[in-house]
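*Asks:* Quick one: sequence and predicted model below, then my questions.
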Amino acid sequence: MSIEIGDKKVELKLQDENKFIKYDVMNDAQLIFTNIDVKSSVILGRGISLKRIKDSIMYVEINYPLKNSKSDTLDILINFDGAEEMDLRDRTIRLPVKRN
């Protein structure tokens, strides 16, 4: 799963190469940034915690709670160029979430 704008790219890689996460389970993931300053980038999403940044990789944990969830999809918003007005469709990775 990834987003691309011009020569800039952000790719989401989940542990075990899954294409989804499970509710209420800690999921390790990496956001890999290409041609982007990862340290000035911002990610937003319910249940996402930053573990560390190394080189152009952001290591995160995702624990998406079932309680009060309105959708079986986690939207991860990424702003990497400081734009105040941004088209969220171009900056969103949609991650499927499944029940245990």
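*Replies:* Happy to help now that I have it.
*Asks:* CA only for contacts and neighbour counts going forward, please
*Replies:* Noted.
*Asks:* Could you list the low-confidence segments of the chain?
*Replies:* In the predicted model, the chain carries pLDDT under 70 at residues 82-90.
*Asks:* Going by secondary structure, the one residue sitting closest to the centre of the chain is in what exactly?
*Replies:* If you average the C-alpha coordinates of the chain and look for the closest C-alpha using CA atoms, centre = their mean, you land on Ile76, 4.5 Å from that point. With elements delineated by DSSP states H and E, Ile76 resides in strand 73-79, which encompasses its position.
*Asks:* Show me what that strand is packed against.
*Replies:* For strand 73-79, the elements it packs on are strand 42-44, strand 92-98, judged by 3 or more CA pairs under 8 Å, 6 or more residues apart in numbering; DSSP states H and E.
*Asks:* Quick one: end-to-end length of stretch 60-67, please.
*Replies:* End-to-end span of stretch 60-67 (CA to CA, to the nearest Å): 21 Å.
*Asks:* Let me see the residues that make contact with it.
*Replies:* Judged by CA atoms under 8 Å, 6 or more residues apart in numbering, the contacts made with stretch 60-67 from elsewhere in the structure are 22-31, 46-52, 74, 97.
*Asks:* now do 7 Å
*Replies:* 23-30, 46-51 (CA atoms under 7 Å, 6 or more residues apart in numbering).
*Asks:* Just the buried ones out of the residues you listed, please.
*Replies:* Burial of the contacts of stretch 60-67 was assessed by neighbour count (16 or more other CA atoms under 10 Å); the buried members are Tyr23, Asp24, Asn27, Asp28, Ala29, Gln30, Ile48.
*Asks:* Which ones among the residues you listed map onto strands?
*Replies:* Counting by DSSP state E, the part of the buried ones among the contacts of stretch 60-67 found in strands is Asn27, Asp28, Ala29, Gln30, Ile48.
*Asks:* now the second one, nearest residue through space, not along the chain?
*Replies:* By that I understand Asp28. Counting by CA to CA, 6 or more residues apart in numbering, the nearest residue to Asp28 once its immediate chain neighbours are dropped is Glu61, at 4.7 Å.
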